[in-house]
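Asks: build the 3D model from these lines:
(one chain, ligands or ions: 1)
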Amino acid sequence: MPAIAPSILAADFSQLGEQVKLTEAGGANRVHVDVMDGHFVPNLSMGSIVCKGLRPVTKMPLEVHLMVEAPAKFLDDFVKSGADSFIFHLEVEPEPTEMIQHIRSLGKKVGLAVNPNFAIEKLKRYIPEIDLALCMTVFPGFGGQKYIPESTARIRQIRQWIRELNPACELEVDGGIDARTIGEASAAGANVFVAGTAIFGAKEGATAATKHLHDLAAAAAT
Ligand SMILES: O=C(CO)[C@@H](O)[C@H](O)COP(=O)(O)O
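Replies: Reported below is the predicted structural model:
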């Protein structure tokens, strides 16, 4: 079954709790919290206080995507604030095993992300150690970008490695995921779909948009 992870970066922060509840009503499976430090990516976003605010509002797991140069610094605050899983980038932790084990010792799930220009071969050896691989389908930093078409072949290759090395590992895609692109990513082997603009900017509303994306991903799944 595909999982839809609404990226709250695109939500209306004046009513964040309500916005998240709308996605939950549409069948969203987890909340994707984009944390940006202005160094690893050219933008600033949010910190653990947002998880703290959301924790009592939703039963969905809070997935924290650390787009930061020093991810280890922030883990404890996010754990105290109710985070359920962490994703960090192989670009900033080229030897990630210690960090993976540290996150596990905190009782949290762990994901490894790679940007669109990062050699996915370097991700392969860590697949047995992680719960989730995140194949970025845009360069991180901003919502509302276009899906990079070359991502599809990368998703297909990572899925093949996951089948061979750790079938329980999830394969997430993030960036430009909408009704036009989700089927392609799903058919290539992705099973977790981060979507911001396509959900919170949808004319039909966040509930219907979440359900529609879920249906499209399920229909295209291989
Ligand atoms: O991590 C990022 C951006 O850096 C993403 O999670 C975006 O927030 C996805 O936004 P859309 O492309 O779906 O608008």
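Asks: what residues does the protein have near the ligand?
Replies: 7, 9-10, 32, 34, 65, 138, 140-145, 174-177, 194-198 (C-beta under 6 Å from any ligand atom). Where C-beta positions appear, they are placed from N, C-alpha and C, glycine not excepted.
Asks: let's see that with 8 Å instead.
Replies: 7, 9-10, 32, 34, 36, 41, 43, 65, 67, 136, 138-145, 147, 174-178, 194-199, 201 (C-beta under 8 Å from any ligand atom).
Asks: can you pull up the bridge partners for the residue nearest to residue 172 when sequence neighbours are not counted?
Replies: Excluding its sequence neighbours, the residue lying closest to residue 172 (C-beta to C-beta, 6 or more residues apart in numbering) is residue 192, at 3.8 Å. With DSSP bridges applied, residue 192 shows beta-bridge pairing to residue 3, residue 172.
Asks: burial check on residue 192, number of neighbours?
Replies: Neighbourhood size, residue 192 [other C-beta atoms under 10 Å]: 23.
Asks: look at it and report its pLDDT.
Replies: pLDDT, residue 192: 98.
Asks: need the contact list for it.
Replies: 2, 3, 5, 29, 30, 132, 170, 171, 172, 173 (C-beta atoms under 8 Å, 6 or more residues apart in numbering).
Asks: and for residue 5?
Replies: Contacts of residue 5 by C-beta under 8 Å, 6+ apart are 28, 29, 30, 31, 32, 63, 172, 192, 193, 194, 195.
Asks: quick one, which of the residues of the chain next to the ligand are buried?
Replies: 7, 9-10, 32, 34, 36, 41, 65, 67, 136, 138, 140-143, 147, 174-178, 194-199, 201 (16 or more other C-beta atoms under 10 Å).
Asks: where helices are concerned, which of those count?
Replies: Of those, the ones assigned to helices by DSSP state H are 197, 198, 199.
Asks: tabulate those (CSV), appending pLDDT.
Replies: Supplementary listing: those in CSV, determined by pLDDT from 0 to 100:
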residue, pLDDT
197, 98
198, 98
199, 98
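Asks: which of these sits closest to residue 159?
Replies: The closest of these to residue 159 turns out to be residue 198 (C-beta to C-beta; 21.9 Å).
Asks: pretty sure the closest one sits against residue 209.
Replies: Yes: counting by C-beta atoms under 8 Å, residue 198 touches residue 209, with 6.2 Å between them.
Asks: check residue 1 and give its pLDDT.
Replies: pLDDT, read off for residue 1, is 89.
Asks: now do the contacts for it.
Replies: 191, 218.
Asks: gap between it and residue 114?
Replies: Using C-beta to C-beta, to the nearest Å, one obtains 24 Å as the distance from residue 1 to residue 114.
Asks: would you state the helices of the protein in chain order?
Replies: 16-25, 48-54, 75-80, 97-105, 121-124, 151-165, 182-188, 197-200, 206-220.
Asks: which of those helices sits most buried?
Replies: Among the helices of the chain, the stretch with the highest mean neighbour count (mean count of other C-beta atoms under 10 Å) is helix 197-200, at a mean of 24.
Asks: what does that helix contact?
Replies: 4, 6-8, 10-12, 19, 23, 28, 143-144, 177-179, 206, 209-210, 213.
Asks: now it - C-alpha only, PDB.
Replies: What follows is helix 197-200, C-alpha atoms only, in PDB (Å, rounded to 0.1, in the frame of the first residue of the first chain):
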ATOM      1  CA  THR A 197       1.800  22.000  -3.100                       C
ATOM      2  CA  ALA A 198      -0.300  19.200  -4.700                       C
ATOM      3  CA  ILE A 199      -2.100  18.800  -1.300                       C
ATOM      4  CA  PHE A 200      -2.200  22.100   0.400                       C
END
